[in-house]
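Student: got a structure for you, letters missing:
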């Protein structure tokens, strides 16, 4: 009876040990799979961090170019505004000068008309004296 019980317990112990080994093997496989997944995720994270760094660098470079272009355009606009102001000032001076010249021409025409009239009267007087 004891021998049979011992034998039964040994068989049960062997079965349990085999189940334990199987469970340990499955656990080891799951640990291996989990470790592979962890490594894969770490690689993915590294790749995404690298892409993010590259995108940041590209964006900063693009922003720098835009800032330089805006500065250049702003400088051009300021220069053109100054030129416009100078041109308006020059135009004003030219218009003033033109107005002065027109007045001068008008006065000279009036004087010429008066001189022509005086010359006409003088001719008439000379003709009267000669007759």
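Tutor: Everything's here; your move. Remember, predicted model here, so these are calculated numbers, not experimental data. Numbering: from 1, shown residues only.
Student: distance of residue 70 from residue 64?
Tutor: Going from residue 70 to residue 64 by Cβ to Cβ, to the nearest Å gives 11 Å. Glycine gets a C-beta too; all of them are placed from N, C-alpha and C.
Student: and what of residue 77?
Tutor: Applying Cβ to Cβ to residue 77 and residue 64 gives a distance of 20 Å.
Student: what do you get for residue 114?
Tutor: Residue 114 is 75 Å from residue 64, by Cβ to Cβ.
Student: now do residue 102
Tutor: Distance of residue 102 to residue 64, given as Cβ to Cβ: 56 Å.
Student: next one: residue 32
Tutor: 48 Å.
Student: Point to the residue nearest the middle of the chain.
Tutor: The structure's the chain has its C-alpha centroid closest to residue 66; by Cα atoms, centre = their mean the separation is 3.1 Å.
Student: Which strand or helix spans that one?
Tutor: Per DSSP states H and E: residue 66 is located in helix 2-130.
Student: Any idea how far that helix is from the middle of the chain?
Tutor: 0 Å (Cα atoms, centre = their mean, to the nearest Å).
Student: quick thing: my sequence starts at 51, can you match it?
Tutor: Okay, residue one is now 51; in that scheme the one you just asked about reads as helix 52-180.
Student: For this structure, which residues score under the pLDDT cut-off?
Tutor: Scanning the chain for pLDDT under 70 picks out nothing.
Student: and residue 172, how many neighbours does it have?
Tutor: Using other Cβ atoms under 10 Å, residue 172 has 10 other residues around it.
Student: can you check residue 84 too?
Tutor: Residue 84 has 10 neighbours, counted by other Cβ under 10 Å.
Student: same deal with residue 115?
Tutor: 10.
Student: separation between it and residue 56?
Tutor: Taken as Cβ to Cβ, the span from residue 115 to residue 56 is 87 Å.
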